[in-house]
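In: Sharing a sequence plus its predicted fold:
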Amino acid sequence: MNGSQMMLAGDRSDCQAEAAMGAAIRYRLTSEARYKTIGIGLMDYLFNTSGASIDNSSGSYGHVKGYASFGPPCSYIGGQGECTLEQGALPRTPRPISAECYYSDDNARVNMGGLAAAVLLDHDGYDPELAKGALALLRTTGPDGYRPATIRGTELPKIDSWKHYFARNNKDAQENPHYIAQMWALFMLWHRISGVELFKTQALKGIGDYMSTVYCGCRNKPLCDCEWKVTESITEEQVRVLLPLAWRVRIDNSTVNRDQLRGVWHDLKAAWVEKGAWGVGTCVFPLQNGTNLTDRGAMLGPPPGTNANYGNGEMSVCQQSGDPGSDLLYESNYLLLNLQEAYAATGEVDYQLHADKLANYIARVQAKSTILPQYNGTFFRGFDYSRWEFFGASGDWGWPSMGIETGWTSTWIAAGLGIPEIAGATSDGSYWSLVTRRSLAEVTQQYCNIMFEENATDACRTTLKSDGT
């Protein structure tokens, strides 16, 4: 009743690196030294203090644990002081080994946040950790370019247990962009900054296979009556896959690659809503016999078809296709930067025009309160643009409509709004150009030779030309 909310108990590793990027953006925009200190401090906590970074004693080497620490929920009321533990609760402790999951997308965003923070803070002290992180994902990716959505620490007990994933095709374990598209994008980045050819090979294999054998376009099918497996919504998967498709054009500016990028964006625009100066996408779900799927076999996180399924898994903020709701946890937050990257890679103005409309929408839905100042500047996950208020389906078991995600939401919105201003003076204003302005070839080769062991001769080969292709 007083507006307070419980804070999640865990310090997520991806959020630490993403928050470091957010602090770095603030530092570069305002020159406030405090935010440089915060950014470096977050990276230091993640890689040195928290214990989240895995050493070379197991096959998990280079990965970052999902949680740096874990403990009971705590209350945060009125924006004053520290988060207060509930009466009788124990302090935070490292999360048990059974919960150590190395998600492809989460580890990719640790890296992407860290890479941007390093450039913006002019601090290269964590380049070895970032290189090891990218190589850890690479060596658990199979010859087909796919990696399981997550690998548990218990599945990598021995130093050489990573070879099981490196040698086998993993498509059957994961083909959803929700989990793997950001990893493909990261591999393209690392190919450009390291020259290691395997990064490019695996990314192009994965995204190429996905677009030719899995992706189900919605041309002439406004409600996307397709048979494909998605996580929470079709639109979420389309948002995720835009980024590697845009960066693939950077590597191979072919007609086919441009057409596939344009095709996914065409499909996404079928769910676009525009009102004057602002625009945003809403949710679209797969259909079966003309109705929303609620089968967890076809969707990992479908809208609940029964009361028993409510709050029993991951779910969208929409209950059915076309609901007037925007998702700032899984869709709009990433779409802003992804559209800007598509424009920078292709020069096609439609991407930037829609990015500007989305930026106007995001600016309008940012929270502001004089009564509860701790919410100032934040973004709640769900926003209903017909009611013009924070609202949405809230059946997700961890990220409700009225929840605030400090990493996935706030920092990628900050990146979409801030990086074009920071990087635009010296380049095309893209995240890609910001991060690839420096070389990490030496540190990557150092750890690639260690981590790939007898496979290093082939796996660590570099063929990067002087023009970066």
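Out: It's in. Numbering: from 1, shown residues only.

In: rest of the way, CA atoms for contacts and neighbours
Out: Noted.

In: where in the stretch 151-300 of the chain is pLDDT low?
Out: 216-229, 287-298 (pLDDT under 70).

In: could you pull out the helices for it?
Out: For the stretch 151-300 of the chain, helices defined by DSSP state H, counting those that start in this stretch occupy the ranges 163-167, 177-194, 197-209, 234-251, 255-269.

In: so can I have CSV of the ones you listed showing distance to residue 379 and mean neighbour count?
Out: As requested, the helices of the stretch 151-300 of the chain are arranged in CSV below (distance: least, Cα to Cα, whole Å; neighbours: other Cα atoms under 10 Å):
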stretch, distance to residue 379, mean neighbour count
helix 163-167, 38, 17
helix 177-194, 21, 26
helix 197-209, 31, 22
helix 234-251, 18, 25
helix 255-269, 22, 18
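
In: Relative to residue 39, which of those is closest?
Out: helix 177-194 (20.9 Å; Cα to Cα).

In: Just want the angle from that closest one to helix 197-209.
Out: Angle of helix 177-194 versus helix 197-209, following axes from the mean of the first three to the mean of the last three Cα atoms, to 10 degrees, is 150 degrees.

In: who wins for proximity to residue 16 among the helices of the stretch 151-300 of the chain?
Out: Among the helices of the stretch 151-300 of the chain, helix 177-194 sits nearest to residue 16 (Cα to Cα), with 17.3 Å.

In: so who does the most centrally placed residue in the chain touch?
Out: Residue closest to the average C-alpha location in the chain (Cα atoms, centre = their mean): residue 109, at 5.1 Å. With contacts defined as Cα atoms under 8 Å, 6 or more residues apart in numbering, residue 109 is in contact with 14, 17-18, 182.

In: let's go with 10 Å and repeat that
Out: 13-15, 17-18, 103, 115, 182-183, 186, 407-408 (Cα atoms under 10 Å, 6 or more residues apart in numbering).

In: biggest separation within those, which pair?
Out: Once Cα to Cα is applied, the contacts of residue 109 give 103 and 115 as the farthest pair, at 18.3 Å.

In: between the two, who's got more neighbours?
Out: residue 115 (26 against 23; other Cα atoms under 10 Å).

In: So the more buried one is in contact with residue 433, correct?
Out: No: using Cα atoms under 10 Å, residue 115 makes no contact with residue 433, being 11.8 Å away.

In: picking that back up, give me the distance from the strand or helix carrying the residue nearest to the centre of the chain to the chain's centre.
Out: Assigned by DSSP states H and E, residue 109 belongs to helix 104-121. Distance of helix 104-121 from the chain centroid (Cα atoms, centre = their mean, to the nearest Å) equals 10 Å.

In: send the alpha carbons of that helix over as PDB?
Out: Extracted in PDB, the C-alpha atoms of helix 104-121 (Å, rounded to 0.1, in the frame of the first residue of the first chain):
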ATOM      1  CA  SER A 104      24.400 -18.100 -23.600                       C
ATOM      2  CA  ASP A 105      22.600 -14.800 -23.700                       C
ATOM      3  CA  ASP A 106      23.500 -13.800 -20.100                       C
ATOM      4  CA  ASN A 107      27.200 -14.500 -20.600                       C
ATOM      5  CA  ALA A 108      27.100 -12.700 -23.900                       C
ATOM      6  CA  ARG A 109      25.600  -9.600 -22.200                       C
ATOM      7  CA  VAL A 110      28.300  -9.700 -19.500                       C
ATOM      8  CA  ASN A 111      30.700  -9.400 -22.300                       C
ATOM      9  CA  MET A 112      28.900  -6.800 -24.300                       C
ATOM     10  CA  GLY A 113      28.400  -4.600 -21.300                       C
ATOM     11  CA  GLY A 114      32.000  -5.000 -20.300                       C
ATOM     12  CA  LEU A 115      33.400  -4.200 -23.700                       C
ATOM     13  CA  ALA A 116      31.400  -1.000 -23.900                       C
ATOM     14  CA  ALA A 117      32.300   0.000 -20.300                       C
ATOM     15  CA  ALA A 118      36.000  -0.600 -21.100                       C
ATOM     16  CA  VAL A 119      36.000   1.800 -24.000                       C
ATOM     17  CA  LEU A 120      33.900   4.400 -22.300                       C
ATOM     18  CA  LEU A 121      35.900   4.300 -19.100                       C
END
